[in-house]
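J.: Next come a sequence and a model predicted from it.
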Amino acid sequence: MGQEISTSRFRRQDFEQFEDRLADETALLETWFREARFDTAGCVAGFELEAWLVSADGRPAAMNAEYLDALGSPLVVPELSVYNVEINTRQRPLEGAALGRMRDSLDAVWARCNEVAARFGSRLAMIGTLPSLREEDLGLHSMSPLQRYRALNEQVLRLRQGRPLELEVRGAELLRIRQPDVMLEAATTSFQLHLQTPEASAARLFNASVVAAAPTVAVAANSPFLFGRELWQETRVPVFEQAVAVGGEEAGGGPNPRVTFGSGYVRESLFELFAENRDCYPVLLPMCESEPPERLYHLRLHNGTIWRWIRPLIGFDGDGTPHLRIEHRVIPAGPSVPDAIANAAFYYGLAQALAAAPEPPEARIDFQTARENFYAAARYGLAAQVRWLDGREVPLRALVLETLLPLARKGLQRLDIDPGDTDECLDIIEARTRTGRTGAQWQLDYVARHGRDMEALTLAYLEHQQQGLPVHEWGVLC
């Protein structure tokens, strides 16, 4: 979905032509898997960070076009709403000082982004859901003026036969609204981690990422409020899943929802997921291009309209060699740069350790249990109870401290990550878990002390974020 398209209006023959090219490219991809055509280099890491533009009074600022023009960076691009931007950094081998370099790179681009935002009297916020966002802020009036977003909205509503989207989240409170467009998706901002991996280890790493989804979403939770309601610790999860709901029982939407935890583990290779894309998901954006089949343009565009929480990606090296990436989408943005890199370190280490275990974790925990763990962790955060590999139900907080942090450390050691960077990142996760002070819990504690003034909460959050300290060191007195 990062690819811009040239129109938002399509004919039946556009869909037919796109489906033919998708079928051809999927068949070509199957050949590549059979012939082991993918890059065999070691793990490579990268990320995308979605952020909010926030005005001086703590409200979302509708200005991403003029802001991006002033910033002038190809690494910072528009998102679905005019309140949001996406920050990218270059991928780097996941070894040695990679985590420290990721932190320094994000620190530098974050400082630059805020420096330019200050010219407009604004700041950037990295947070899962912006507390001060109101229902009336989201609509077609707040959509970024790009064809791909207009087309996405039109095609989602087509598959829904014009029916509005319906959002219902039952948490500490109930939120139930109807939305006539896809703009609820803009309420959810993420820190999306990429892990490029050799094909030989891709299936194990994908399944390990599925198993790791519950603890990673719990320790990183940062989205307790939406439209003034207290909902889940990670409210992004149910909101995003319902924001583009065209699967399941929706007429014409196909057997699977577009935003999903998935339908099962990978058995042999990631190709199974691309075959599922072809067979189970109607085409949303039938934009045909004259790219050669070897660029997999249509396959990759289609994959970009299916938002698995753990998603496979195909990319190309500078010499044209294809490579495989796993995109871990469960982590929200924020609360600070050190927190974000700590979240990345925890995921990379835990996934690596689980994937390298003598007995695959997917053989010890069935997919439905991993799925249930994920939603429990998204709803209750560190207070969730989960069923782990030995079949016992355990408090997730204790599991992280006693089992998963040591595993993540072993995984980072396997990657030969600098021990000082490993200690710095995992110490943040340990302190956050021991204190229970995630970004979500800090927001809840602030509101419990100061009341439900969402603009004041947003401004206090920004003040702490600007100091660059991890969230477990934030106070709630101001």
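T.: Now that the structure is in, tell me what you want to look at.
J.: SS state for Glu455?
T.: What DSSP: H, G, I helix; E, B strand; the rest coil gives for Glu455 is helix.
J.: That one contacts Ser132, correct?
T.: Yes - counting by CB atoms under 8 Å, Ser132 is a contact partner of Glu455 at 4.8 Å. C-betas here are computed from N, CA, C, even on glycine.
J.: Overlap in contacts, these two.
T.: Listed as contacting both Glu455 and Ser132 by CB atoms under 8 Å, 6 or more residues apart in numbering are 58-59.
J.: So for those two, which sits in the more crowded spot?
T.: Ser132 (24 against 14; other CB atoms under 10 Å).
J.: That one: what's it in contact with?
T.: Taking CB under 8 Å, 6+ apart, one finds 54, 58-60, 454-455, 457-458 in contact with Ser132.
J.: would you list these in TSV and tack on pLDDT?
T.: Formatted as TSV, the contacts of Ser132 follow (pLDDT from 0 to 100):
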residue	pLDDT
Val54	98
Gly58	98
Arg59	98
Pro60	98
Met454	98
Glu455	98
Leu457	98
Thr458	98
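J.: If any of those residues are buried, put those into a PyMOL selection.
T.: To isolate the buried members of the contacts of Ser132 in PyMOL, using 16 or more other CB atoms under 10 Å:
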select buried, resi 54+58+59+60+454+457+458
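J.: Among the contacts of Ser132, find me the one that's closest to Arg300.
T.: Set against Arg300, the nearest of the contacts of Ser132 by CB to CB is Pro60 (30.8 Å).
J.: Excluding chain neighbours, give the residue nearest to the closest one in space.
T.: Nearest residue to Pro60 in three dimensions, chain neighbours excluded: Tyr83, at 4.0 Å (CB to CB, 6 or more residues apart in numbering).
J.: Look at the closest residue to Arg437 other than its chain neighbours and give its secondary structure.
T.: Leaving aside its sequence neighbours, Arg437 sits nearest to His472 (CB to CB, 6+ apart; 4.3 Å). The three-state label given to His472 by three-state DSSP is helix.
J.: quick one: His472 and Ile429 touch, right?
T.: No - using CB under 8 Å, His472 is not in contact with Ile429; the gap is 9.4 Å.
J.: Quick one: list the elements packing against the lengthiest strand in the chain.
T.: Using DSSP state E to define each element, the chain has its longest strand at strand 44-55. Under the contact definition 3 or more CB pairs under 8 Å, 6 or more residues apart in numbering; DSSP states H and E, strand 44-55 sits against strand 84-88, strand 92-93, helix 98-119, strand 122-125, strand 191-197, helix 337-356.
J.: where's Phe367 relative to Ala97, distance?
T.: Going from Phe367 to Ala97 by CB to CB, to the nearest Å gives 36 Å.
J.: Spit out the contact partners of Cys425.
T.: Counting by CB under 8 Å, 6+ apart, Cys425 makes contact with 99, 341-342, 344-346.
J.: Repeat the analysis, applying 7 Å as the threshold.
T.: 99, 341-342, 345 (CB atoms under 7 Å, 6 or more residues apart in numbering).
J.: same deal with Ile306?
T.: Contacts for Ile306 (CB under 7 Å, 6+ apart) come out as 258, 277, 281.
J.: Now Thr321. Nearest residue, chain neighbours left out?
T.: Nearest residue to Thr321, sequence neighbours excluded (CB to CB, 6+ apart): Asp39, at 5.0 Å.
J.: try Gln385
T.: Glu393 (5.4 Å).
J.: For the residue nearest to Thr321, grab phi and psi.
T.: phi -50, psi 140 (degrees, to the nearest 10).
J.: Next: Glu291.
T.: phi -60, psi 150.
J.: Give me the helix or strand of this structure that scores worst on average pLDDT.
T.: helix 147-159 (a mean of 92; mean pLDDT, DSSP states H and E).
J.: Now find how far off-centre the helix or strand following it is within its chain.
T.: The C-terminal neighbour of helix 147-159 among helices and strands, as given by DSSP states H and E, is strand 165-170. Taking CA atoms, centre = their mean, to the nearest Å, one finds the center of strand 165-170 at 20 Å from the center of the full chain.
J.: May I have strand 165-170 as CSV, with CA atoms only?
T.: Extracted as CSV, the C-alpha positions of strand 165-170 are listed here (Å, rounded to 0.1, in the frame of the first residue of the first chain):
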residue,chain,number,x,y,z
LEU,A,165,-18.1,0.3,8.7
GLU,A,166,-19.3,-0.6,12.2
LEU,A,167,-16.9,-0.4,15.2
GLU,A,168,-17.6,-2.1,18.5
VAL,A,169,-14.9,-2.4,21.2
ARG,A,170,-15.8,-3.7,24.6
